[in-house]
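Chemist: Could you look at this predicted model? Sequence included:
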Amino acid sequence: MSTTQPPYAGDESPADPATRATGSSLPKMQDCALDPAAVLPMLWRQASTRATGQADLLVIQTRQALTRGATALALDTLLLTEALNPDRLETYLTHTELALVRGQRELAEALLTRLERLASLRPGAVDPIDLRRLRLHLHCSLDELLAFAREILASGRSDLWATYLPPILASLQEAGRIAEALELARTWHTTSGASAMAWWAYARQVLEAKEVNQARELLAVLPRTPVDAHQWAILLGLSSLAGDQHELRLLRQAVNDVRARRVAAADLDRELAALSGSGAWSRPVELYRALLWLASGEPTRAFELASMVDASETLETRLLGYAVAAWAALAGATPTQALPYLQAAFHLLATTKGLADDLAELLSPPVNALTVGTRLASLLQQHGQLDEAIDVLERLVELDPERAELRYRLAELMAQAGRVEQARQLLQSFAREQQARRDFRGRLETLRHLVQLTPEGPTVLEELITGYTRIGMMDQAIALLEQLAASAAASKRVDSATELLRRAAELAMLGQQWNAIPRIYEQLIGLDPDNLDHRHAAVTAYVQTGQLRHAVEQLREIARIALARGEPEEALAALHQVVALDARNPDAYHRLAEVLVSLGELAQAERVYRRLLAIHPDDQVARAKQAALSGLLRPEDETAR
């Protein structure tokens with residue numbers, strides 16, 4: 001069998017290339033972006049294999065070791081493969097690649113030189129392109145890189161495109177040879193057919209070259225949605241350059257991907273910052289970056305970037321910048337920083353119709369006159385600038401006169417500013433408008449705000465309560481009366497509060513709102529705890545509605561208060577009711593009997609204890625007291641006889 005002398009034959013030892021000196025008189029490799037440690041492992045991962053015999057199995061094992069980064073194991077396998085099949089020059093190619101990756105340039109130079117000599121003796125054994133690409137890792141010029149790139153495209157060596165063309169394009173771009181990089185990327189895109197990698201590489205160069213028409217052509221054949229931050233940055237730049245109608249839609253999608261953590265904001269921010277000098281961006285790249293930081297929950301960084309937007313930008317861009325800065329400030333530690341940006345954004349929205357139509361969904365909540373104006377009014381109110389806040393809300397009402405909550409908020413601020421009559425007129429006018437267009441429920445809501453904000457007469461309140469009950473909104477009517485009663489009580493108007501709560505109790509009975517009844521009477525009793533009329537009314541309501549436990553509690557309180565006042569007859573009546581309502585409760589009998597004894601009604605007290613013993617015969621206290629009372633009563637009976 002004929003054998004081929006290994007490339008390291010002669011004075012070179014095959015033992016361990018790691019022991020060779022790495023110092024060299026060779027010219028140092030130029031920084032041509034063909035870093036073997038970055039390029040060659042990618043090539044190993046995508047290389048195809050042939051499973052035909054022992055040598056090919058060893059090649060497979062070598063490549064597996066290389067892709068895992070196990071270079072020492074890969075070297076051992078290579079040496080074994082070379083020993084078993086010295087005619088296989090492909091093995092020596094891999095050996096040279098490994099030496100390059102390990103930084104052993106002298107060894108790589110020696111291996112490659114001898115491999116070139118062997119290849120010249122055996123034409124066709126090794127593709128000359130592979131020899132040239134390895135030589136480029138040792139020393140090359142940009143022109144040589146460009147020539148090599150064109151060669152692998154022309155020759156159809158598609159296995160080398162994905163690994164060699166991107167770094168070559170980057171080298172041309174860094175050297176400022178934009179036109180040549182663009183032409184090379186276009187050729188790759190055309191030659192590769194539907195290759196997504198070629199599309200993204202071409203898109204990057206189109207962006208660098210600011211080629212608007214080519215950008216539009218590329219966007220028409222977008223291969224897929226971006227899968228990482230690098231692709232997102234390119235696509236955003238491309239759509240901005242092209243003035244594409246879908247630019248904002250793509251930006252919204254990128255923002256949503258950041259919100260959903262599908263793309264890291266830091267990665268996309270870094271890629272956008274790197275592209276900020278490329279293309280003709282329709283908006284400042286800082287604004288894109290601010291949006292992404294805000295979506296990721298980093299308002300401080302978003303505010304820093306958004307506040308850089310220049311006043312010379314278009315109205316739409318300025319609005320977006322103001323809104324992002326305002327939203328970021330409101331979400332951050334110093335919400336007061338939002339004030340000037342909210343004011344600027346609101347001025348643009350109030351004076352330019354439809355300005356926010358395309359921007360609305362970029363932020364959450366969306367940007368429009370309502371969201372900006374209401375936040376501006378709230379911030380002004382917090383700073384005590386009530387008149388300015390009222391001006392903002394009046395402008396919002398002009399823009400959207402049928403939005404009821406704006407009228408209510410405006411009336412509330414007017415009342416807070418002491419402009420009560422103006423607030424009343426505002427709500428009365430709105431109520432008349434609602435009545436004219438037969439908005440019955442809306443009118444009721446306006447009347448509710450009216451009676452809450454201003455001291456309206458009983459007519460308005462009665463209309464409101466009647467309206468609620470007519471449409472089955474009994475719980476709203478009760479809640480309103482309770483709220484008004486609380487306000488009256490806070491103002492020391494106890495009689496007014498009492499009357500409102502009595503009306504609420506009547507409505508609760510009428511509407512069978514059983515759960516509300518105890519709450520209402522607790523409030524009534526809280527206004528005047530010693531008022532027995534309130535407590536008797538509560539007992540009646542509780543008995544009628546079957547809430548006997550609440551009735552018994554109130555009767556016991558009535559008995560306690562009556563005894564404290566020196567009104568034993570009142571207490572006695574209450575305790576009789578307790579026994580009637582809670583006939584098996586021994587405590588009720590004991591209390592009743594004790595009061596009877598205190599009144600000298602010993603016979604009645606003795607009968608109460610006998611009734612208790614009939615129910616609870618084991619009650620020893622009751623038995624003892626009954627016996628004592630019976631003993632006291634017996635002499636009287638004998639005397640009577």
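Modeler: That came through fine.

Chemist: When you work out contacts or count neighbours from here on, use the C-alpha atoms and nothing else.
Modeler: Noted.

Chemist: and Ala265, how many neighbours does it have?
Modeler: Close neighbours of Ala265, defined as other CA atoms under 10 Å, add up to 26.

Chemist: Ignore what I typed, I meant Pro167.
Modeler: Pro167: 18 neighbours (other CA under 10 Å).

Chemist: Name the residue closest to the centre of this structure, please.
Modeler: Centroid check for the chain by CA atoms, centre = their mean gives Arg259 as the closest residue, at 6.6 Å.

Chemist: And His383, what's its pLDDT?
Modeler: Looking at His383, its pLDDT reads 93.

Chemist: what are the phi and psi values for the residue nearest to the centre of the chain?
Modeler: Backbone torsions for Arg259, taken as degrees, to the nearest 10, come to phi -60, psi -40.

Chemist: Does Ala588 touch Ala580 like I think?
Modeler: No: in this structure Ala588 lies outside contact range of Ala580 using CA atoms under 8 Å: 9.3 Å.

Chemist: Which of the two has more residues huddled nearby?
Modeler: In this view Ala588 and Ala580 are compared by other CA under 10 Å, and Ala588 has more residues nearby, 21 against 12.

Chemist: which residues touch that one?
Modeler: 575, 578-579, 582 (CA atoms under 8 Å, 6 or more residues apart in numbering).

Chemist: I'd assumed Trp293 was in contact with Arg259.
Modeler: No: the pair Arg259 / Trp293 is not scored as a contact, 9.5 Å apart, by CA under 8 Å.

Chemist: What pLDDT does the model give Arg610?
Modeler: Per-residue pLDDT puts Arg610 at 87.

Chemist: For it, give its distance to Ala345.
Modeler: 85 Å (CA to CA, to the nearest Å).

Chemist: So the two - more neighbours on which side?
Modeler: When neighbours are counted by other CA under 10 Å, Arg610 and Ala345 differ, and Ala345 comes out ahead with 26 against 19.

Chemist: Secondary structure element holding the closest residue to Thr374 other than its chain neighbours?
Modeler: Of all residues not flanking Thr374 in the chain, Leu393 sits nearest, at 7.3 Å (CA to CA, 6 or more residues apart in numbering). Using DSSP states H and E, Leu393 maps to helix 386-399.

Chemist: likewise Ile129?
Modeler: helix 128-138.

Chemist: Tell me which other helices or strands that helix touches.
Modeler: helix 89-101, helix 105-121, helix 142-155 (3 or more CA pairs under 8 Å, 6 or more residues apart in numbering; DSSP states H and E).

Chemist: what is the mean pLDDT for the second one?
Modeler: The predicted model assigns helix 105-121 a mean pLDDT of 89.

Chemist: As CSV, could you dump the C-alpha coordinates of that helix?
Modeler: These are the backbone C-alpha positions of helix 105-121, laid out as CSV (Å, rounded to 0.1, in the frame of the first residue of the first chain):
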residue,chain,number,x,y,z
ARG,A,105,1.1,29.6,14.5
GLU,A,106,4.6,28.1,13.7
LEU,A,107,3.1,24.6,13.7
ALA,A,108,0.2,25.7,11.6
GLU,A,109,2.6,27.3,9.1
ALA,A,110,4.7,24.2,8.9
LEU,A,111,1.7,21.9,8.5
LEU,A,112,0.1,24.1,5.9
THR,A,113,3.3,24.5,3.9
ARG,A,114,3.9,20.8,3.7
LEU,A,115,0.2,20.1,3.0
GLU,A,116,0.4,22.5,0.1
ARG,A,117,3.4,20.6,-1.2
LEU,A,118,1.6,17.3,-0.9
ALA,A,119,-1.5,18.7,-2.6
SER,A,120,0.6,19.8,-5.5
LEU,A,121,1.8,16.2,-5.9
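
Chemist: Next secondary structure element downstream of the helix or strand containing Arg556?
Modeler: Assessed by DSSP H and E, Arg556 sits inside helix 548-565. Proceeding C-terminally, helix 548-565 gives way to helix 568-581 as the next helix or strand, assigned by DSSP H and E.

Chemist: Neighbours of Gln214, how many?
Modeler: Neighbour number of Gln214 under other CA under 10 Å is 18.

Chemist: distance of it from Ser195?
Modeler: Plainly put, Gln214 is 17 Å away from Ser195 if you go by CA to CA.

Chemist: Quick check: which ranges of the stretch 201-350 of the chain have low pLDDT?
Modeler: The model of the stretch 201-350 of the chain has pLDDT under 70 over residues 244-245, 279.
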